[in-house]
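> Need a 3D model of the sequence below.
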Amino acid sequence: MVKTFRAYLDAQSPTGRRYSCVHCRAHLARHEDLISKSFQGSQGKAYLFRTVVNVSVGPVEERTLLTGKHHVADISCCNCQKVLGWKYEFAFENTQKYKEGKFIIELAHMVKDNGW
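Below is the predicted model:
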């Protein structure tokens, strides 16, 4: 069976390092787009990315997270539809504004691929 993804990251990454969905191996993010490894998701450690591919963004909802109140939207893999994490749409506190427009992917839902 051939898998078709919306975006392939091989040619777009200088190092060739990328993160993929653990469930179906769809490409998700380039290592160069990783901002921080110091985040916590509902299932453990999570990474903050500048940009991701092959995800769909769900409806925005208000959640109280460890760092305060935010408007977030769950992100799901476009290939297997598993929820991977969320996108920060709005942060109520000024110290958290840097997260707006960024993406959290939980480690439980991604693997390192290629070039590691």
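> beta partners of the closest residue to Tyr8 other than its chain neighbours?
Setting aside the residues directly before and after it, Tyr8 is nearest to His27 in space (Cβ to Cβ, 6 or more residues apart in numbering), at 6.0 Å. From N, CA and C alone the C-beta is placed, and that goes for glycine too. Beta-bridge partners recorded for His27 (DSSP bridges): Ser20.
> ok, now which ones touch His27?
Contacts were defined as Cβ atoms under 8 Å, 6 or more residues apart in numbering; by that measure His27 touches Phe5, Ala7, Tyr8, Leu9, Arg18, Tyr19, Ser20, Val53, Asn54, Asp113.
> what does the model give the fourth one for pLDDT?
Translated: Leu9. The score at Leu9 is 77. That number is its pLDDT.
> separation between it and Leu28?
Distance, Leu9 to Leu28, by Cβ to Cβ, to the nearest Å: 8 Å.
> ditto for the fifth one
Using Cβ to Cβ, one obtains 7 Å as the distance from Arg18 to Leu28.
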